[in-house]
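Peer 1: Dropping a prediction and its sequence here:
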Amino acid sequence: MTHPAHPALVERDVDLTAATMFGVPARARACMTLHDEAELPGLTSARLDALGPRLVLGGGSNVLFVGPHEGLVVRVALRGREILGERGGVVRVRVAAGEDWPTLVEGLLDEGLPGLENLALIPGSAGAAPVQNIGAYGLELGERLEAVTIWDLAEGRARELPASALALAYRTSLLKQPEARDWIVTAITLALPVTWRPVVAYRELGRCFVRPEEASPRAIFDAVCTLRRSKLPDPRVTGNAGSFFHNPIVDAEAHARLALAHPEVVAWPMPDGRVKLGAGWLIDRAGWKGQALGPGGMPVPAGEQGAAVHDAQALVLVNRGGATGPEVWALAQAIQADVGRRFGVTLVPEPRIVGARSDRAGT
């Protein structure tokens, strides 16, 4: 349902702690929430620039506040989805940016539209999914994405960008680059295969099926959910942003040197000859799994509140309760420094770090 056209209200000094998944204190000097596309006309760079630096916030799953955002947070809460029909062997589905991604994946599956089951339970919103080009268990969103609809603040109008123009790559896209600073994703158009085939080449997922015919869309969905729940804490219970670091990609020579010293290193060859390393393995091997730091970077005993490395998956940093953003970030930086010193590999955070002198990384 479309509401009458009206500008979105701007609130001042807003507490955003509940709008993010890390559970650390989060505030913004100003906040605007978009509930309907009728609020977009008149929304321009000139109007918003007066409110300071902009941060577009979807589901809050890929962001860490280390201090207040001294500008405007634009929350995208647009809802709804529409099946556009079949064309060229795919069913096209338009999804508003504010739709919850896990709910969307299961909902489409229930409606007989498989194709996203490998991406089940990834926290966040539909609009944030192409920014990060989310992926898991052998599938990336880019393989199911037809287009993205944006509101161009510089031009004050809606535009549709084909997936081919988004420079989609491993956990990145054009939407993360400076060229996109005046864009707000308002919807995505998915292209789901009419002739569905299972994607189970990822070893851990493939092991869930004794016979190929067992790998139905629902069975894959259930298996992915089971695997994710066994490794990743529920952010509604334990604050986290999922995987905190990208799996680093190195050249073949660097991988050879590392494998000579550590033959058991987890790695995957890339089509271009480079090698992707398992960041979780590097962090675990460095001894950080289950470790925690408190105020001042002091170690925290097991079971106590604070910022910690998840004890079941070293790639996940968690808020055991009471942690601040700077404490989580200090833990992340300590891990970066240690892994760099031990293995000569630089870990890059996935979440956007907000409230520092300059926002870093992430979406």
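Peer 2: Perfect, thanks for sending it.

Peer 1: What helix or strand is residue 338 located in?
Peer 2: helix 325-343 (DSSP states H and E).

Peer 1: tell me which residues of that helix are tucked away?
Peer 2: Under the neighbour-count criterion of 16 or more other Cβ atoms under 10 Å, helix 325-343 has 325-332, 335-336, 338-339, 343 buried. Any C-beta I mention is one placed from the backbone N, CA and C, and that applies to glycine too.

Peer 1: for the residue of the chain most remote from its centre, what are its contacts?
Peer 2: No residue in the chain sits farther from the centre than residue 260, which is 33.0 Å out by Cα atoms, centre = their mean. Going by Cβ atoms under 8 Å, 6 or more residues apart in numbering, residue 260 touches no other residue.

Peer 1: Could you pull up phi and psi at it?
Peer 2: Backbone geometry at residue 260, expressed as degrees, to the nearest 10, gives phi -70, psi -40.

Peer 1: which helices and strands sit right next to the helix holding residue 338?
Peer 2: In terms of contacts (3 or more Cβ pairs under 8 Å, 6 or more residues apart in numbering; DSSP states H and E), helix 325-343 is packed against strand 63-65, helix 279-285, strand 292-293, strand 307-309, strand 316-319.

Peer 1: Make JSON lines out of those and add mean pLDDT.
Peer 2: Output for the helices and strands packed on helix 325-343, formatted as JSON lines (pLDDT from 0 to 100):
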{"stretch": "strand 63-65", "mean pLDDT": "96"}
{"stretch": "helix 279-285", "mean pLDDT": "97"}
{"stretch": "strand 292-293", "mean pLDDT": "85"}
{"stretch": "strand 307-309", "mean pLDDT": "95"}
{"stretch": "strand 316-319", "mean pLDDT": "96"}
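
Peer 1: any idea which of these is most buried?
Peer 2: Stretch with highest mean neighbour count among the helices and strands packed on helix 325-343: strand 63-65 (a mean of 30; mean count of other Cβ atoms under 10 Å).

Peer 1: May I have the strands that pair with that strand, each with its orientation?
Peer 2: strand 352-354 (parallel) (DSSP bridges).

Peer 1: Give the buried residues for the strand it pairs with.
Peer 2: Neighbour counts over strand 352-354 (16+ other Cβ under 10 Å) mark 352, 353, 354 as buried.

Peer 1: I figured the first one hits residue 63, correct?
Peer 2: Yes - contact status for residue 352 versus residue 63: in contact at 4.9 Å, counting by Cβ atoms under 8 Å.

Peer 1: Just give me the neighbour total for residue 312.
Peer 2: By the criterion of other Cβ atoms under 10 Å, residue 312 has 11 neighbours.

Peer 1: now swap in residue 273 and tell me
Peer 2: Residue 273 has 8 nearby residues by other Cβ under 10 Å.

Peer 1: For it, which non-adjacent residue is closest in space?
Peer 2: Leaving aside its sequence neighbours, residue 273 sits nearest to residue 252 (Cβ to Cβ, 6 or more residues apart in numbering; 5.7 Å).

Peer 1: Ok, residue 53 next?
Peer 2: Nearest in space to residue 53, with sequence neighbours left out and distances taken as Cβ to Cβ, 6+ apart, is residue 71 at 3.6 Å.

Peer 1: who's in contact with that neighbour?
Peer 2: 28, 29, 30, 51, 52, 53, 54, 55.

Peer 1: What is the subsequent helix or strand relative to the helix or strand it falls within?
Peer 2: Per DSSP H and E: residue 71 is located in strand 69-76. As assigned by DSSP H and E, the chain's next helix or strand after strand 69-76 is strand 81-87.

Peer 1: Thanks again, I'm all set now.
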